[in-house]
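K.L.:
sequence and predicted structure are below.
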Amino acid sequence: MVVLFGLFVFATNNKRETQKFKRDHPLLCFLALVVIGYLAMRVFGSVLVFIWGIMVPLTLIFLHASMRLRNLKNKMSKKLESLGLKRTPMGIILFELGLEEQARS
């Protein structure tokens with residue numbers, strides 16, 4: 001709706017004829033804006049649900065996986081955690097849930 005309103009303001013402020021029409025018929029312009037906004041939400045509603053509900057989380061998962069560092073410090077930390085010398089927050093959560101033993105096997 002913000003993009004639609006921005007386009008409306010941009011379109012009506014560039015030409016003298018559209019400025020005059022907007023000034024002479026404010027209710028008609030408002031109703032046209034509301035109807036076009038309703039139709040846009042009706043058409044793009046399911047697409048937006050798909051994008052925000054499925055594609056954004058998948059994108060964040062792939063972005064996180066591609067930026068993880070696989071270096072010597074990470075390997076040492078995992079080894080120390082497996083020996084029980086160091087506890088990470090996820091390790092504590094798994095231990096409290098009783099899932100730590102399942103993860104090792």
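P.N.:
Yep, it's here.

K.L.:
quickly find the element holding the spatially most central residue of the chain.
P.N.:
When CA atoms, centre = their mean is applied to the chain, the residue found nearest the centroid is Val56 (4.9 Å). Per DSSP states H and E, Val56 falls inside helix 56-67.

K.L.:
so what's the gap between that helix and the chain middle?
P.N.:
With CA atoms, centre = their mean, to the nearest Å as the basis, helix 56-67 stands 11 Å off its chain's centre.

K.L.:
so what's Ile36 closest to, chain neighbours aside?
P.N.:
Leu4 (6.4 Å; CB to CB, 6 or more residues apart in numbering). Quick note: C-beta positions are derived from backbone N, CA and C, even for glycine.

K.L.:
can you pull the buried residues of the helix or strand harbouring that neighbour?
P.N.:
Element membership for Leu4 (DSSP H and E) is helix 2-14. Buried residues in helix 2-14, counted by 16 or more other CB atoms under 10 Å: Phe8, Thr12.

K.L.:
right, and the helix or strand after that helix?
P.N.:
helix 16-24.

K.L.:
show me what that following helix is packed up against.
P.N.:
On a contact count with 3 or more CB pairs under 8 Å, 6 or more residues apart in numbering; DSSP states H and E, helix 16-24 meets helix 2-14.

K.L.:
export the helix it packs on as CSV, just CAs?
P.N.:
Provided in CSV are the C-alpha atoms of helix 2-14 (Å, rounded to 0.1, in the frame of the first residue of the first chain):
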residue,chain,number,x,y,z
VAL,A,2,2.9,2.4,0.7
VAL,A,3,4.3,1.7,-2.7
LEU,A,4,0.9,2.3,-4.3
PHE,A,5,0.5,5.5,-2.4
GLY,A,6,4.0,6.7,-3.4
LEU,A,7,3.2,6.0,-7.1
PHE,A,8,0.0,7.9,-6.8
VAL,A,9,1.7,10.9,-5.3
PHE,A,10,4.4,10.7,-7.9
ALA,A,11,2.0,10.4,-10.8
THR,A,12,-0.3,13.2,-9.6
ASN,A,13,2.4,15.7,-8.8
ASN,A,14,4.3,15.6,-12.1
